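Undergrad: quick one: sequence and predicted model below, then my questions.
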Amino acid sequence: PQPLGQLVGGASLLEPSTVDHLNPLVSAVDFDSHRVKPGSLFCAMSGLKAHGARFSAQAIASGAVAILTDPWGAAQAQRAIGEDQIALAVVEDPRAVMGMAAARLWRHPSEGVLSLGVTGTNGKTTTTFMVEAALRALGRHVGTAGTLGFRLDGKQVEWQSSTVTTPESPDLQRLFATFIAEGADSLAMEVSSHALALERVKGIHFDVAGFTMLGRDHLDFHPTMEDYFETKARLFTELSDVAVVNTDGEWGQRLAAMLPEERLVTVGRSQQARVRILHDVAVEPLGRRIGLLVDGRSLECEIGIAGAHNADNAATALAMVHAAGLDVETAAHGLAQAQVPGRMQVVDLGEGAPGVVVDFAHTPQAITEALSAVPGHRLITVVGAGGDRDVAKRPLMGRAAGERSAAVVVTDDNPRTEDPARIRAAVCEGVRMTDAELVEVGDRRAAIQRAVQLARPDDVVMVLGKGHERGQQVGERVLDFDDVVVVREVWDAHSRGEA
């Protein structure tokens, strides 16, 4: 436990604030009133549906000794406090101060170990897995955090997460402190644009940060692509020592131009890249052999994941290890072992079956990359789009699928609170701009079944959009659904003549 004043010291406190004359010991930082315990600092912030200050009374009843909020929440909190001796810290940006307080409470865990962060529209998860594999090949003990959960030395760790990709700052700081207590000497994490915009990584020091690419996504959250880019750029301009940037795209080139040369490592296929991809060829069954030039030294490695974009991810991962001052040649041996659930995951159905690949691709660019990763095959693609998200990308997704597929089965992804038929109609609009056969099947299981029926033994069925997810959100409910499991079930039924 630490005094409140020590945790929020340096923050610009506003009136009315009682921190000056009430300075309780704080033993936890919580943003959810249901998780408050005796000794907690309750961080009451504006949320999607309500302001957290409305739950101040519940937090106090659960033992909160202080409340951190903004000017709007201060009046709500004051009413809940009444005559109680509860400290109130009022700041303009409680999210940023919460991150700083959580880092201080847990003694800045990211500063005592090697910390690496990865951002980008696509490739964050795969690159983070590859960084983990490379570090483990060097004998390091690695804790990871990202879309697929939390791992320590390759083993899944059960942890209550507040968000999909990057946890809120109190959860993240506590997770890192736990990893280190259990022997981790390295941390690797995905850093989403939401995490940067909402200050979830405030108080984290990154030795090396990697940028994969930027494409259209999250424009339901970011008003423009420019805002999306500027948010991503904060990881490199504010929070890291060394930036590893793939400069094959326009956004990467822009980011590199913003950074001083002494703290920049460029990655790509151009002659100017410090870590350059010299050659990249497919190997059976679905993998790549890559030749790299790392600051003038040649290096060969193999990865067990298909797609030229995954060669880019591998190069970025190795460049991050190199930028950290570690032995990149030994690290490269680890990449052959890196497998990522739901990322170009091959589902082996046995002899006589078509090939099946499950991938998380849910943007136009990601769909193009996933389908381009399987050359020489006739493709049957299952695709949908998420509800309550960027509407404009839906026909673009359909068109990207149709341009590289013999047939596209348009189905539901996570419709959430939208009408699934309207979402499918927008995706179908894009498919109709191409020569692909269009099949619309709303039920996702039936859609996968239809794709399997359409496929010949030499074809490949690409099931896109949900990847690693184990549920399908329909309205307010989350239904059990796993693309990999369903693929196996419908093939078993099909091979027995039952479907």
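TA: Nice, I can see it.

Undergrad: which element follows whichever strand or helix holds M397 toward the C-terminus?
TA: Element membership for M397, per DSSP states H and E: helix 393-403. Next helix or strand after helix 393-403 toward the C-terminus (DSSP H and E): strand 407-410.

Undergrad: what does that next one rub up against?
TA: Taking contacts as CB atoms under 8 Å, 6 or more residues apart in numbering, the residues outside strand 407-410 that touch it are 380-384, 398, 401-402, 424, 427-428, 431, 436-441, 447-448, 450-451, 454. Every C-beta, even on glycine, is put in place using the N, C-alpha and C of the backbone.

Undergrad: that older thread, buried stuff in the helix holding M397?
TA: 393-403 (16 or more other CB atoms under 10 Å).

Undergrad: list the contacts for G143?
TA: G143 touches 150-152, 157, 175-176, 179-180, 184, 186-188, counting by CB under 8 Å, 6+ apart.

Undergrad: quick check, it in a strand?
TA: Yes. Using DSSP: H, G, I helix; E, B strand; the rest coil, the assignment for G143 is a strand.

Undergrad: measure stretch 394-412 end to end?
TA: Stretch 394-412 has its terminal residues 12 Å apart, counting by CA to CA, to the nearest Å.

Undergrad: so which of the contacts of G143 comes closest to V490?
TA: Of all the contacts of G143, the one with the least separation from V490 (CB to CB) is R151, at 30.2 Å.

Undergrad: list the contacts for the closest residue to the closest one other than its chain neighbours?
TA: In space, not counting the residues next to it along the chain, R151 is nearest to T144; the distance is 4.7 Å by CB to CB, 6 or more residues apart in numbering. By CB under 8 Å, 6+ apart, T144 lies in contact with 128-129, 132, 150-152, 187-189.

Undergrad: for the closest residue to G402 other than its chain neighbours, report the pLDDT, please.
TA: Distances taken as CB to CB, 6+ apart place T434 nearest to G402, at 3.1 Å, with adjacent residues excluded. pLDDT, T434: 98.

Undergrad: residues touching T434, list them.
TA: Counting by CB under 8 Å, 6+ apart, T434 touches 399, 402-403.

Undergrad: let's see it at 10 Å
TA: 398-405, 408 (CB atoms under 10 Å, 6 or more residues apart in numbering).

Undergrad: need the residues you listed in CSV (columns: distance to A50 and pLDDT).
TA: Shown next, in CSV, are the contacts of T434 (distance: CB to CB, whole Å; pLDDT from 0 to 100):
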residue, distance to A50, pLDDT
G398, 36, 98
R399, 39, 98
A400, 38, 98
A401, 38, 98
G402, 42, 98
E403, 44, 98
R404, 44, 97
S405, 44, 98
V408, 41, 98
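
Undergrad: between these, which is nearest H51?
TA: With CB to CB as the yardstick, the closest approach to H51 among the contacts of T434 comes from G398, at 38.8 Å.
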